[in-house]
Structures are given as C-alpha cells and as structure tokens.
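> Predicted structure and sequence below. I'll ask about it afterward.
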Amino acid sequence: MHFCYECGALLLEKDIDGRLREVCPSCGWVHYEHRKVSAAVRIVKDNKLLLIQRAIEPWKNAWHMPAGYLEVDETPQECAAREAQEETGYEVKIGELAGVYTYDDDPRGNGIVLLYSGEIIGGAVRKNHEMLQVGFFSPEEAKGLFKAGSGGARQIEDWIRQAKGSSK
C-alpha cells in the first residue's frame, strides 16, 4: 500500500503506456519506478584487484569492489571515493569511468553502478561493520571467490578478462 507524495491519497494501479503504474486518483500524480544509482571504484595494485568481503546482508561473506549508493548531494566520483574510504580505510584518487553495470537481483531494488578506476593515495585498512576483510587478489584468485550480486560479479569478471588480456 503506497500513498501519493503530492497529496497523500492512496495510490491505485493503472495501465499507463503499457505498464502498470501507481497513480493518484485525487491529483493524477504517477509513480515511476527507477533504478537506484551507485558508484564503485576499481583499485589495482601490482596487478591485483582490491576486494572487500561483506559482513552484512545482502550477500554476506561475498566479495565486491568498494561501492555504495549515491547521496543526493554528491557526484558519482565523490561517492566512489567516500565508499572506498568508508569500506576500506584507504583514501582514493578517482580516475576515469571504467564501466556502467546494471543489476536486477538486489533485494533492496534494481540499480545501476558507475564504476571508476582509482588509486590509493593514503590511509590504511580500517575495519568497519560492513566488512569482514579487505584483500588484493590476482585474476586467478578472484575468479573463484563468491561474488556479491550480478553487477558486482560482472565488474570482477570484466577485470579478470582485461587483466589476462594485458598480461599476454
């Protein structure tokens, strides 16, 4: 049961443009579902990828690159740097956009991840409530890890392919 953001009336489902949408019968406001936006950072040092093992659900014990939801008052690059520091303790310089990934298997909602390259410029690993451990992994080591969600898995798999291609 959802209510209108504009007037507070109970929303009803209605077919609009071939999709069921929640619509306000009082003021006509339409709720359009959209993807959550997040940013991530790919940090490679000595041909090894920095990954974090999650301590919380969803995907507890799974591995991923530092990532998180974009706050309303920050750029994607600021988000990627903030998440890296929050999840690892490292201060990171954010570089170029490295990829865009979508996912539809997160229980918190479907989303899009903007992945940036990054470089550690300070700090040290610092534990927090979201992570069990932080580590650097070779392509061979990363391949066998339990990965966090389809978007996170594709990010890691793409890096493995790129790393193997550049080592030939």
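Good, I have the coordinates.

> tell me the phi and psi of residue 154?
Main-chain dihedrals, residue 154, degrees, to the nearest 10: phi -60, psi -40.

> Kindly apply the preceding question to residue 79 instead.
The phi/psi pair for residue 79 (degrees, to the nearest 10) is phi -60, psi -50.

> mind checking pLDDT for it?
Residue 79 carries a pLDDT value of 98.

> Just give me the neighbour total for it.
23 (other C-beta atoms under 10 Å). Quick note: C-beta positions are derived from backbone N, CA and C, even for glycine.

> so it sits right up against residue 39, yeah?
Yes: here residue 79 reaches residue 39: they are 4.0 Å apart, a contact under C-beta atoms under 8 Å.

> Overlap in contacts, those two.
68, 70 (C-beta atoms under 8 Å, 6 or more residues apart in numbering).

> Centre of this structure to the edge, which residue is at the far end?
Using C-alpha atoms, centre = their mean, the residue of the chain lying farthest from its centre is residue 26. It sits 36.8 Å away.

> Distance of that one relative to residue 4?
7 Å (C-beta to C-beta, to the nearest Å).

> What residue, apart from its backbone neighbours, is nearest the residue farthest from the centre of the chain spatially?
Nearest in space to residue 26, with sequence neighbours left out and distances taken as C-beta to C-beta, 6 or more residues apart in numbering, is residue 9 at 4.1 Å.
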